[in-house]
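Student: predicted model, plus sequence, below.
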Amino acid sequence: MKLSPRKGPPEGLEAESQARCLCYRVTSPGRTVVRRLAHNPSAVAGCMLILSLMLFALIGPSLTPHAYDDQDYDHMREPPSRRFWFGTDEVGRDLFVLMAMGARVSLEVGLFASLISLVIGVGYGAISGWFGGRTDQLMMRIVDTLYGIPLVLIVINLMVILGSGLQNVFLALGFVYWLDMARIVRGQVLRLRTYIYVEAARVVGAGWARVLLRHILPNTLGPIIVTLTLTVPNAIFTESFLSYIGLGVSAPNESWGTLASAGSRLEFLRSSPYLALFPAAAISLAMLAFNFVGDGLRDALDPRHVERQR
Amino acid sequence: MPFVLKRLVTSLVVIWVIITATFVLMKLCPGGPFDRERGLPEAVEKNISARYGLDQPPSRQYLRYVGSLLHGDLGPSYHYQGQSVGRLIAEKFPRSAVIGLLSILFSIGVGVPAGVFCSVRQNRWGDRLTMLITIVGVSVPSFILATLLQYVAAVRWKIFNAAGLTNWYDAILPALALSVYSLAFITRLTRSSFLDVLHDEWVRTAYAKGLAPLRVLVCHVLRNAILPVVTYLGPLTAAVLTGSLVVEKIFSIPGLGGFFVTSVFNRDYPLIMGVTIFYSSLLVALNFLVDMVYVWLDPRISYEGAKTA
């Protein structure tokens, strides 16, 4: 991707920059992105946060002897201690385990909702951009219309119909958050379909589906990945939002949203603020991490990146 | 101006689509609205259905609903008996509007100057610090912030009331909680938009002919760089609306946001529909206004020429 115009390192350069000069010539696009990401402290911090979050979700529950539905009636709303690392909630459950279960919910929502939005958004955008003309106009007008409505209102309306529950949250979120993806993919396809290599593919007899899947979409991977990464925090936010107002995951299951909602009742805030503090911090950190990584990826994939850094 | 007319027609079509879509969605809901009152005698159930027009075929119901909408009537509420949805919205909305307007004013009033400041001092520590704060601001959800503000400012320091809305003073905390996301976003937006413009040659000319820096910024750069912020007005209002659903609940404010959430749990379909249509129309109207302001701000944009091929 980033080719140095020089044949060899010019004279008078120190060994280190000579080496860098050589490095530049052999890096592949993927490596360039990774290298740029690694030089972006906030993106690195974001990646580490996400990794530790995954770890917490995976092995968190097995670190403590408490199960997430164990109720200890002698220790209700106890502050964090050696026995209960994050304290206990109002029915005597260990908050640490609940938080780990919440991490699972949030990560699942982030993953599945963005995957659904990926499938819908890429399909919609690719078809709209490929066929162009009237089809494109109509399809984009629909997207514009949906943009005009507050998305959370649509999600709430969908949740009213589907009923609460985790799967329904995936569906509702996936059906709403594909708009950005569709717009971006459409723009890319519109640009790429005029390229000569696309024409060549069609000349040798590839059908439109094959051209789209094999030749065009791989070239829009960058913007797709960035949009996908930025959809994740959106999905995590909306899930916790829905759960907070009581429309998300339901009773025996807990997510960060329901935990934050339970902990932020006024009488609890006065006596045991940690009940709201831990889930609140978790939601914010998760969103921060994904936003950091998304922003970092966008910068790393931006071809104008180098000039901007200057 | 045919462009205005065209946009007006599109806006109306959008609102009609929204009305139809919400109506269809509500009809798809499993179970009738009065399922909770089980064991009603059949005659009573029939009477209730007839009272709300539920005994008629859906197409008839739709026509009736749209017909009454044209008269500004959003239908009767299922849950609050004898009250119309329109009356309920008219009663609750002003309180939400006060808080919403306050937070919009706050995010623009602080966000734009902050963004300008950052762009002028690009990459200095003031800019770096502000950018760090704003990315945190973009990431912390409004309901978390509301809880935090409530805990710190009301429970700990006791300088605000923790709940309720009795005078304008009580509106500050919820407005603050609502505005942080948009404030941070506007700051970032203004900064990048100003940075794009600041290096243009006409800016250098303005400086070169001896204008005061503040005058250059306010009179010359602002008008050219403010367009993205104007465009963001629509999403900004949407964000404030969304936030109000839960922030009003946290601060126990008897506004439309909290009321809407309650109506979702009551399965009060006409109310859910009414509020959705009301809010969506508000946003569509706002987006229409934004488009008008856009043309006025930047005469180079003419929508007539931009006919899609």
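Tutor: Great, that's in hand.
Student: list the contacts of residue B:98.
Tutor: Each residue near residue B:98 by C-beta atoms under 8 Å, 6 or more residues apart in numbering or on different chains is listed here: B:168, B:171. From N, CA and C alone the C-beta is placed, and that goes for glycine too.
Student: that one should be in a strand, yeah?
Tutor: No: going by DSSP: H, G, I helix; E, B strand; the rest coil, the assignment for residue B:98 is helix, not a strand.
Student: and it, how far from chain A?
Tutor: Taking C-beta to the nearest C-beta, to the nearest Å as the measure, residue B:98 falls 19 Å from chain A.
Student: burial measure for the residue nearest to residue B:29 when sequence neighbours are not counted, as a count.
Tutor: Leaving aside its chain neighbours, residue B:29 sits nearest to residue A:161 (5.2 Å; criterion: C-beta to C-beta, 6 or more residues apart in numbering or on different chains). Residues near residue A:161, counting by other C-beta atoms under 10 Å in any protein chain shown, number 14.
Student: spell out which residues of the stretch 1-150 of chain B are next to chain A.
Tutor: Residues of the stretch 1-150 of chain B lying close to chain A by C-beta under 8 Å from any C-beta of the partner chain are B:14, B:17-18, B:22, B:25, B:28-30, B:135-136, B:138-141, B:143-144, B:147-148, B:150.
Student: can you say which of the residues you listed are buried?
Tutor: Neighbour counting by 16 or more other C-beta atoms under 10 Å in any protein chain shown classes B:14, B:17-18, B:22, B:25, B:29, B:135, B:138-141, B:143-144, B:147-148, B:150 among the residues of the stretch 1-150 of chain B next to chain A as buried.
Student: among these, which ones are in strands?
Tutor: Among those, no member is found in strands (DSSP state E).
Student: among those residues, which one has the lowest pLDDT?
Tutor: Lowest pLDDT among those: residue B:29, with 72.
Student: distance of it relative to residue A:89?
Tutor: Residue B:29 is 33 Å from residue A:89, where distance means C-beta to C-beta, to the nearest Å.
Student: repeat for residue B:159
Tutor: For residue B:159, the distance to residue A:89 - C-beta to C-beta - is 29 Å.
Student: nearest the geometric middle of chain A, what residue?
Tutor: Geometric centre of chain A, nearest residue: residue A:232, 2.1 Å, by C-alpha atoms, centre = their mean.
Student: surely that residue is in contact with residue A:110?
Tutor: Yes: with contacts counted by C-beta atoms under 8 Å, residue A:232 reaches residue A:110, the gap being 4.1 Å.
Student: overlap in contacts of those two?
Tutor: In contact with both residue A:232 and residue A:110: residue A:290, using C-beta under 8 Å, 6+ apart.
Student: how about low-confidence regions in the chain?
Tutor: Because you didn't say which chain, this covers chain A. A:1-29, A:76, A:251, A:302-310 (pLDDT under 70).
Student: please go with chain B instead
Tutor: Along chain B, segments meeting pLDDT under 70 span B:1, B:30-39, B:301-309.
Student: strands along that one, start to end?
Tutor: Using DSSP E, strands in chain B do not occur.
Student: so which of residue B:159 and residue A:89 has more stuff around it?
Tutor: residue A:89 (22 against 11).
Student: who's in contact with the more buried one?
Tutor: So, once contact is read as C-beta under 8 Å, 6+ apart, residue A:89 ends up touching A:76-77, A:95, A:98, A:259, A:262-263, A:275.
Student: helix, strand or coil: sort out residue A:253 for me.
Tutor: Under three-state DSSP, the three-state class of residue A:253 is coil.
Student: does it touch residue A:104 like I think?
Tutor: No: counting by C-beta under 8 Å, residue A:253 stays clear of residue A:104, with 9.6 Å between them.
Student: quick check on residue A:94: phi, psi?
Tutor: phi -70, psi 120 (degrees, to the nearest 10).
Student: from memory it sits against residue A:63, does it?
Tutor: No: Residue A:94 lies out of contact with residue A:63 (C-beta under 8 Å); the separation is 10.6 Å.
Student: ok, the two, which is more surrounded?
Tutor: Set residue A:94 next to residue A:63 and count neighbours by other C-beta under 10 Å: residue A:94 wins out with 26 against 12.
Student: could you pull up the residues touching the nearest residue to the more buried one once chain neighbours are set aside?
Tutor: Leaving aside its sequence neighbours, residue A:94 sits nearest to residue A:66 (C-beta to C-beta, 6+ apart; 3.8 Å). For residue A:66, the contact set (C-beta under 8 Å, 6+ apart) comprises A:72, A:84, A:93-94, A:96-97.
Student: returning to what we had before: what helix or strand is the residue nearest to residue B:29 on?
Tutor: Element membership for residue A:161 (DSSP states H and E) is helix A:151-162.
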